[in-house]
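Chemist: below is the sequence, then the predicted model.
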Amino acid sequence: MKPTLIIMIKEPRAGRVKTRLGRDIGQIAATWWFRHQSARLIRRLRDPRWQIILAVAPDLAVAARVWPADIARHPQGPGDLGQRMARLLRHFGHPRISPGPVCLIGADIPGISPAHIGRAFAALGAHDVVFGPAMDGGYWLIGAKHPSRLPPGLLSRVRWSSPQALADSIRSLPDQRIALIDQLRDVDTGADLHCV
């Protein structure tokens with residue numbers, strides 16, 4: 001089985017995506033940016049080395065026509081960001097679904113290339129978990145070699161949208177061999193947009 005790349009993505013509706021960016025440049029402009037950014041990202045990351053799954057929010061948007069019809073979709077489900085990420089990693093890393101490694105990314109990082117994803121999966125050869133750090137103390141990627149073996153407290157007590165998000169996430173993974181790969185910038189504010 002091929003490794004699995006999960007892209008967490010929201011339906012591009014004004015006021016529901018990139019709200020912090022929307023405060024700086026307007027909700028319509030932020031929605032337009034996200035819609036086009038995510039479409040470019042999906043096109044760029046198509047690669048025969050892995051399968052792509054779109055983890056969609058809200059759940060009813062799995063039927064939306066905004067994304068390519070040939071890419072599998074799965075609802076993110078309820079819970080905070082950490083609960084949704086942990087559930088997606090475990091689900092798609094279940095031996096009956098996809099026994100290979102799983103990496104998960106967001107759709108708001110313009111700099112992600114297939115080379116970055118390839119390095120993440122390669123790092124899982126010698127490590128249990130991989131992170132792609134972001135400039136703001138968070139991260140743009142998390143991946144696991146054997147997601148079904150991840151600890152029960154995975155991604156609990158993480159201070160999301162803070163400079164401590166990566167450190168808190170690593171703390172939720174005791175006794176795991178952790179690799180860090182390329183640092184990239186995500187886009188949360190108008191200032192971030194001018195840096196990419």
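Modeler: Received the coordinates, thanks.

Chemist: please count neighbours and contacts with C-alpha atoms only from this point.
Modeler: Fine.

Chemist: what about the residue nearest to Asp24 when sequence neighbours are not counted, how many neighbours?
Modeler: Leaving out its chain neighbours, the residue that sits closest to Asp24 by C-alpha to C-alpha, 6 or more residues apart in numbering is Gly190, at 5.4 Å. The number of residues packed near Gly190 is 16, by other C-alpha atoms under 10 Å.

Chemist: now the residue lying farthest from the centre of the chain: how far from Pro152?
Modeler: Here the centre of the chain is the reference, and by C-alpha atoms, centre = their mean the most remote residue is Gly26, at 24.2 Å. Gly26 is 39 Å from Pro152, where distance means C-alpha to C-alpha, to the nearest Å.

Chemist: cool, and Trp33?
Modeler: 36 Å.

Chemist: which one of these two has more residues nearby?
Modeler: Trp33 (19 against 11).

Chemist: quick check: longest helix of the protein.
Modeler: Longest helix in the chain by number of residues (criterion: DSSP state H): helix 27-45.

Chemist: and that one, how far from the chain's centre?
Modeler: Taking C-alpha atoms, centre = their mean, to the nearest Å, one finds the center of helix 27-45 at 14 Å from the center of the full chain.

Chemist: over to the most centrally placed residue in the chain. Which of the three states is it?
Modeler: Most central in the chain under C-alpha atoms, centre = their mean is Ile105, positioned 1.8 Å from the mean C-alpha point. Assigned by DSSP: H, G, I helix; E, B strand; the rest coil, the conformation of Ile105 is strand.

Chemist: now do Arg73
Modeler: Reduced to three states by three-state DSSP, Arg73 is strand.

Chemist: how far away is it from Leu88?
Modeler: For Arg73, the distance to Leu88 - C-alpha to C-alpha - is 12 Å.

Chemist: now the common contact residues for these two.
Modeler: Common neighbours of Arg73 and Leu88, counting by C-alpha atoms under 8 Å, 6 or more residues apart in numbering, are Ala55.
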